[in-house]
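Student: need the 3D shape of this:
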Amino acid sequence: MAALSTSEQIAFHRGTTLDGRPLTVKDRENMLKPFLPPTPSTETPSPVTSPSPPVRKPAKKSRKPKPMRSFLASQLHLLVYTIIHTIFSVWFRFRRAWHAVVHRFFALLYYHHRTPEYIQKDVRNLGKLPEHLSVILELNESDDEQGNAGLEGLLNDVCEITAWCACAGIPLLSIYERTGVLKNCIPQTHRSISQTLESYFGVSRKPSLSVRAPHLPSFSPPTTPPTSSRPSSPSSSTTLISQPHITVLLLSANDGRNTMVDLTKTLAEMAQKQVLDPGNITAELIDVELKEGVCGEPELLVLFSPRVELKGYPPWQVRLTEIYHVPDNKGVNYQVFVRALHNYAKAQMRFGR
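Tutor: The predicted structure follows:
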């Protein structure tokens, strides 16, 4: 294969022939043809260049699980589930039995017999008592949960708890019921509580009572204690003046988040109208407004339900509240009330220190 001469290389790169004529396509092919490989024959194709047909790989057969293996796996899963379920069932039954025994023991140890002296004896040695005690009750259609059904059962629970607080010397009791049905019958509630206090203390020693609710006037008839029970002697008058007073506050779900939303809207409108400086909106201001509109923070919140469920209780009022409940307990009973007071007396309020 001969190489191009120097003059031919220059002519090829310039695109002209030796005599100065422009190179055509045919001229370029003739100049490069000696340097190209020979053209393969079309009659006898080369076995190297002929494409080979693609080799198909045999499809993998999907392994089907063996019936015996899948059966053993399902039986193993069932066995593990049964063991776990049995362990938890035994543990829950043992826990319920233990709590029932403890509850029965406290029922024998502490029982009020509807006598204030017994209740005062149960709380006499406690280091402190709450000034504001709160409870959460629920209106039940059936008596399976709390032991009493309907409004009558709810009123009975309210009366008993109020009497216990009056005997223990707790001046303020707030009762939270989610639907607010008690707010619609404040006079009836006052009358029922007054009758229960009379059965505990008697007519002459019955504490004075007032029942109120947020955004509603306080219901406290002047005949509590009754006028007929007022003695005429000076010594008896002194005793009458020192008679205790208990206030019952009725709360519902509307006194919780809805009140905070309304207060937030009011403060925002006052800030937009430049009536109130936004810098003056502090936690102390909100606390004061909520105390005036709803109530202050209770020192102790007692739950008579088997689980800790606040059920929409006003959130601002339980920031520093001691919450007490007895697992697996059903219904309002005096033993839970006394145990809550004993637990509160042992509690240490560090407030972040």
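Student: hmm, residue 244 and residue 169 touching each other?
Tutor: Yes: using CB atoms under 8 Å, residue 169 is in contact with residue 244, at 6.9 Å. Where C-beta positions appear, they are placed from N, C-alpha and C, glycine not excepted.
Student: list the contacts of stretch 204-223.
Tutor: With CB atoms under 8 Å, 6 or more residues apart in numbering as the contact definition, stretch 204-223 has outside contacts at 162, 166, 182-183, 186-187, 189-190, 193-194, 197-198, 201, 224-226, 229, 231, 243-251, 255, 259, 293-295.
Student: and the strands in this structure?
Tutor: Taking DSSP state E, the strands of the chain run over residues 132-137, 172-177, 208-212, 245-251, 300-303, 322-325.
Student: okay, now the sheet partners of the last one, with direction.
Tutor: Pairing partners of strand 322-325, with direction, according to DSSP bridges: strand 300-303 (parallel).
Student: show me where this structure has helices.
Tutor: 6-14, 25-32, 67-109, 116-123, 150-168, 186-201, 234-241, 257-272, 283-293, 334-346 (DSSP state H).
Student: can you name every helix or strand that the second one contacts?
Tutor: In terms of contact count using 3 or more CB pairs under 8 Å, 6 or more residues apart in numbering; DSSP states H and E, helix 25-32 is assigned the packing partners helix 6-14.
Student: angle of the helix it packs on against helix 25-32?
Tutor: Here the directions of helix 6-14 and helix 25-32 differ by 140 degrees (axes from the mean of the first three to the mean of the last three CA atoms, to 10 degrees).
Student: and helix 6-14, what does it pack onto?
Tutor: Secondary elements touching helix 6-14 (3+ CB pairs under 8 Å, 6+ apart): helix 25-32.
Student: any figure for the gap between the closest residue to residue 119 other than its chain neighbours and residue 297?
Tutor: Of all residues not flanking residue 119 in the chain, residue 167 sits nearest, at 3.8 Å (CB to CB, 6 or more residues apart in numbering). Remark: distance between residue 167 and residue 297 (CB to CB, to the nearest Å) = 24 Å.
Student: list the buried residues of stretch 117-129.
Tutor: Within stretch 117-129, the residues scored as buried using 16 or more other CB atoms under 10 Å are 119, 122-123, 129.
Student: related to what we said a few turns ago, select, out of the strands of the chain, the one closest to residue 91.
Tutor: Shortest distance between residue 91 and the strands of the chain, using CB to CB, is found for strand 322-325: 19.5 Å.
Student: so how far is the closest one off the chain centroid?
Tutor: Distance, stretch centre to chain centre, for strand 322-325: 15 Å (CA atoms, centre = their mean, to the nearest Å).
Student: what's the mean pLDDT across it?
Tutor: The average pLDDT within strand 322-325 is 92.
Student: what lies in contact with it?
Tutor: Strand 322-325 is contacted by residues 299-308, 336, 339-340, 343-344, 347, 349 when judged by CB under 8 Å, 6+ apart.
Student: mind redoing it with 6 Å?
Tutor: By CB atoms under 6 Å, 6 or more residues apart in numbering, the residues outside strand 322-325 that reach it are 300-303, 308, 340, 343-344, 347.
Student: now these: which count as buried?
Tutor: Buried among these by 16+ other CB under 10 Å: 300-303, 340, 344.
Student: quick check: closest non-adjacent residue to residue 253.
Tutor: residue 312 (4.1 Å).
Student: who's in contact with the nearest residue to residue 135 once chain neighbours are set aside?
Tutor: The shortest distance from residue 135 to any non-neighbouring residue, by CB to CB, 6+ apart, is to residue 302 (4.9 Å). Counting by CB under 6 Å, 6+ apart, residue 302 makes contact with 135, 324, 340.
Student: before we move on, what about residue 175?
Tutor: Residue 175 makes contact with 135, 158, 250, according to CB under 6 Å, 6+ apart.
Student: quick check, nearest of those residues to residue 173?
Tutor: Nearest member of the contacts of residue 175 to residue 173, counting by CB to CB, is residue 135, at 7.4 Å.
Student: thinking again about what came up before, hang on, the residue nearest to residue 253 packs against residue 252?
Tutor: No: counting by CB atoms under 6 Å, residue 312 does not reach residue 252; the two are 8.4 Å apart.
Student: neighbour count winner among these two?
Tutor: Taking other CB atoms under 10 Å, residue 312 and residue 252 do not tie; residue 252 has more neighbours (21 against 17).
Student: ok, for the more buried one, nearest residue in space, not its chain neighbours?
Tutor: In space, residue 252 is closest to residue 180, 3.1 Å off (CB to CB, 6+ apart).
Student: what's the distance between the one you found and residue 209?
Tutor: 20 Å.
Student: between the two, which one's more packed in?
Tutor: Neighbours were tallied for residue 180 and for residue 209 using other CB under 10 Å; the higher tally belongs to residue 209 (23 against 16).
Student: quick check: that one vs residue 169, distance?
Tutor: Distance from residue 209 to residue 169, by CB to CB: 15 Å.
Student: again with residue 78
Tutor: Distance, residue 78 to residue 169, by CB to CB: 59 Å.
Student: quick one: which of the two has more around it?
Tutor: Taking neighbours as other CB under 10 Å, residue 78 and residue 169 compare with residue 169 leading, 15 against 10.
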